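1. Below are the sequence and a predicted model for it; my questions follow.
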Amino acid sequence: MTVARLAGITVLVTRPAHQADALCAMIEREGGTALRLPALVIDEPADVAHAAAVAQGLEEFDIAVFVSTNAVARTIALRGGPLPPGLRVAAVGPATARALTDAGATDVLMPERGFDSEALLALPAFADVAGTRVIILRGDGGRELLGEALVERGATVEYAEVYRRRLAQSPAGAVATALRAGRVHATTATSAQALQGVFELCSGELRPGLLRSQLVVSSARMVKLAGSLGFEKPLVAAAPGDRALVDTLIRWAGDRRNPMNDDTTEAKPAPLRRDPTTTTVAWAAAVIAAIALAGGIYLEKEREKLKDRISDVRFEMRDMAQAAEYRGISHTEDLSRRIAALERGNQQLADSIEYLRSQAEGARGSWVRTEVEYMLRMAAQHLEVERDPGGALAALRAAERRLRDFADPAYAPVVDRLAQDIAALEQVSMPDVGGIMLTLDGIANAIDRLPLVQPEPLRRKLPREAEPGFAGVDWSGLWRRIRESFKSMVTIRREGRPEQMLLAPSEEYFVHLNAQLKLEGARVAALRRDGDAFRDSVRSAHAWIERWYDASDPTVQAMLGELDGLERQRLNPPLPDVTGALRLLRGADGRSSTP
């Protein structure tokens, strides 16, 4: 007959709905009552396309690290098939390792104790990962320790969020009733997110019932969070997994039913007779009692310290036992030798990491200097060659941010000079070339609609006379033709007056075309930022329009006014010198100060 070791105990199970069946079944087999309250819901990742692409391309990586069973299940679902054969995989804990084995993995890297990122990094397989591509498959958020440490060791690390956690619905029905009535005796939480989630779900009148329950967590790292939320004396399971959680609940339930007898009642001593012969003895007894009390207090403190140490050792032994059970290790001596070798490897690894960190810091400083120098060169090029203050300002601001983030005091003068150069560039007033181009385009488009000046003809065309034959020569007509031909070769005009020409309707096209060509020259000069050529082109266009078009027309007057305004534009204002920061940077780097 099976003993109901959890009889009368109601346990709140906070695992996600699809992962709670096994734990609830174990609790109920032990006679307890399992109340399901999924604190979190496992959902599709925010970027499904990226997660699917990573899952489909796992063959491109050397090592794939799975942080949870959910990561394994979601990756298999996104791939639509098993893991690639030959891919090295790593798991943080035994449950994730079993999920990988079920998915077809044959060689799973897993720590033998600790079951966290630190323990995974201590494995010899992660000691030398330089040049290795590592993918970490996880949910949204999570610790960055593993990826940062692998990058420091020379690996290329990528993250793939293959699932997302979101808060579930607030408890209702039997769960809410039990919490209000204080009938929830224990609560299990297997992750910090689940613990935080159930705390937020049980708000208002439900929270006191939650905090009065005995909390059982699967990791010592969750104890601090539990204390900050208001849970008192949470229990830590010996190892990850449902079995360890249920065993911890059973031990707690047994202690709850059979509390230690703390009866400190003592028989009252018979009253002493006050006579001279016993006074000295009484004083001596008092002194001895005081000394005994002080000694007892000291021993009690030492006993508490010893209890804490014993508890730590017990957790370590349980971790070792869990790892031995999973891997089938039956000899404790062999396990001890492996742990000793691992500790020696850890020390060597720590020394190597310290050396690499010092080397990387120097390389990082050199890279930052090179990057900032390139930005300063680009700023100078934008000003000197392209006369582009906007591009130069962007380059200077990027260089200033980079140096401020690097936070090396040696470059403080460079940062100060950059701030001065940025302020000087911000004061430069550059012309609105886009607006100038639009104005010129508007004038050019309206040219052919402007009224032209139509002067009176200087002479009327003479009627054509019949040509005399050879037999009879008209000498008077011949003399007139000779005189007219001579007059056409000589033009007489008064000094100081423009030549007045007659325009035939077919010649108006060329007047408009000449005006547009002059405006086009102004546009080209504006694009080249050639101030002198721009002013000459604008003046020429102004003079041409004033000569050939009706200046009394309001449209012509408005156009001439716009040309006057364009003529006053400064296309190339003076620009400040921004090479001072580059000279200071090279001085701080010990190189020549020549730009």
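-> Structure received.
2. contacts, neighbours, all on C-alpha from now
-> OK.
3. which stretches of the stretch 151-300 of the chain form helices?
-> Taking DSSP state H, counting those that start in this stretch as the test, the helices found in the stretch 151-300 of the chain are 174-181, 192-201, 207-212, 222-229, 242-257, 279-327.
4. can you tell me which of those the model trusts least?
-> Mean pLDDT is lowest for helix 279-327 among the helices of the stretch 151-300 of the chain, at a mean of 59.
5. ok, and R113, which helix or strand is that part of?
-> Taking DSSP states H and E as the definition, one finds R113 inside no helix or strand.
6. isn't it right next to A122, touching?
-> No - with contact defined as CA atoms under 8 Å, R113 and A122 do not form a contacting pair (10.2 Å).
7. Name the residue in those two with the higher neighbour count.
-> R113 (22 against 18; other CA atoms under 10 Å).
8. In this structure A39 contacts R165, no?
-> No - with contact defined as CA under 8 Å, A39 does not count as touching R165 (9.6 Å).
9. overlap in contacts of R113 and A122?
-> Here R113 and A122 share no contacting residue, scored by CA atoms under 8 Å, 6 or more residues apart in numbering.
10. Residues contacting the helix or strand encompassing R74, please?
-> Using DSSP H and E, R74 falls within helix 69-79. With contacts defined as CA under 8 Å, 6+ apart, helix 69-79 is touched by 51-52, 55-56, 66, 82-83, 95-96, 99-100, 103, 137-139, 162-163.
11. And that helix, how far out from the chain middle?
-> Centre-to-centre, helix 69-79 and its host chain are 25 Å apart (CA atoms, centre = their mean, to the nearest Å).
12. Assign the most centrally placed residue in the chain to helix, strand or coil.
-> Taking CA atoms, centre = their mean, the centroid of the chain lies closest to G141, which sits 11.8 Å from it. At G141 the chain is in coil, as set by DSSP: H, G, I helix; E, B strand; the rest coil.
13. and the closest residue in space to A253 that isn't next to it in sequence, what does it touch?
-> Distance criterion CA to CA, 6 or more residues apart in numbering; nearest residue to A253, sequence neighbours excluded, is L6 at 6.5 Å. Neighbour list for L6: I27, E30, G31, G32, L249, I250, A253 [criterion: CA under 8 Å, 6+ apart].
14. repeat for L519
-> L440, A444, S537, V538, A541.
15. how close does it sit to D448?
-> 13 Å (CA to CA, to the nearest Å).
16. quick check, nearest of the contacts of L6 to A127?
-> Closest approach between those and A127, by CA to CA: L249, at 37.9 Å.
17. pretty sure that closest one contacts V216?
-> Yes - L249 is within contact range of V216, at 7.4 Å (criterion: CA under 8 Å).
18. okay, and the common contacts of those two?
-> Going by CA under 8 Å, 6+ apart, residues that sit against L249 and also against V216 are A186.
19. Tell me where the longest strand sits in this protein.
-> Counting residues, the longest strand found in the chain (DSSP state E) is strand 156-167.
20. Distance from the chain centre to it, please.
-> 14 Å.
21. Same question for stretch 35-51.
-> Centroid separation for stretch 35-51 versus its chain: 21 Å, with CA atoms, centre = their mean.
22. From the rest of the structure, what touches it?
-> So stretch 35-51 is contacted by 10-17, 20, 24, 78, 139-140, 160-169, 171, 174-175, 193-195, 197-198, 201 (CA under 8 Å, 6+ apart).
23. rerun that using 6 Å as the cut-off
-> Residues outside stretch 35-51 that contact it (CA atoms under 6 Å, 6 or more residues apart in numbering) are 12-17, 160, 162-168, 194, 197-198.
24. next one: stretch 143-162
-> So stretch 143-162 is contacted by 45, 51, 117, 129-140 (CA under 6 Å, 6+ apart).
25. ok, and for that stretch, which residues are buried?
-> 146-147, 149-151, 153-157, 159-162 (16 or more other CA atoms under 10 Å).
26. got the CA coordinates for that stretch in PDB?
-> Presented in PDB, the C-alpha positions along stretch 143-162 are these (Å, rounded to 0.1, in the frame of the first residue of the first chain):
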ATOM      1  CA  ARG A 143      21.000  36.400 -18.900                       C
ATOM      2  CA  GLU A 144      23.800  37.600 -21.200                       C
ATOM      3  CA  LEU A 145      26.600  36.000 -19.200                       C
ATOM      4  CA  LEU A 146      27.000  33.000 -21.400                       C
ATOM      5  CA  GLY A 147      27.200  34.900 -24.700                       C
ATOM      6  CA  GLU A 148      29.500  37.600 -23.300                       C
ATOM      7  CA  ALA A 149      31.900  35.100 -21.900                       C
ATOM      8  CA  LEU A 150      32.100  33.100 -25.100                       C
ATOM      9  CA  VAL A 151      32.800  36.300 -27.100                       C
ATOM     10  CA  GLU A 152      35.600  37.100 -24.800                       C
ATOM     11  CA  ARG A 153      37.100  33.700 -25.500                       C
ATOM     12  CA  GLY A 154      37.100  34.300 -29.200                       C
ATOM     13  CA  ALA A 155      33.800  32.800 -30.400                       C
ATOM     14  CA  THR A 156      31.200  34.300 -32.700                       C
ATOM     15  CA  VAL A 157      27.900  34.200 -30.800                       C
ATOM     16  CA  GLU A 158      24.400  34.700 -32.100                       C
ATOM     17  CA  TYR A 159      21.100  34.600 -30.200                       C
ATOM     18  CA  ALA A 160      17.800  33.300 -31.500                       C
ATOM     19  CA  GLU A 161      14.600  33.900 -29.500                       C
ATOM     20  CA  VAL A 162      12.500  30.800 -30.500                       C
END
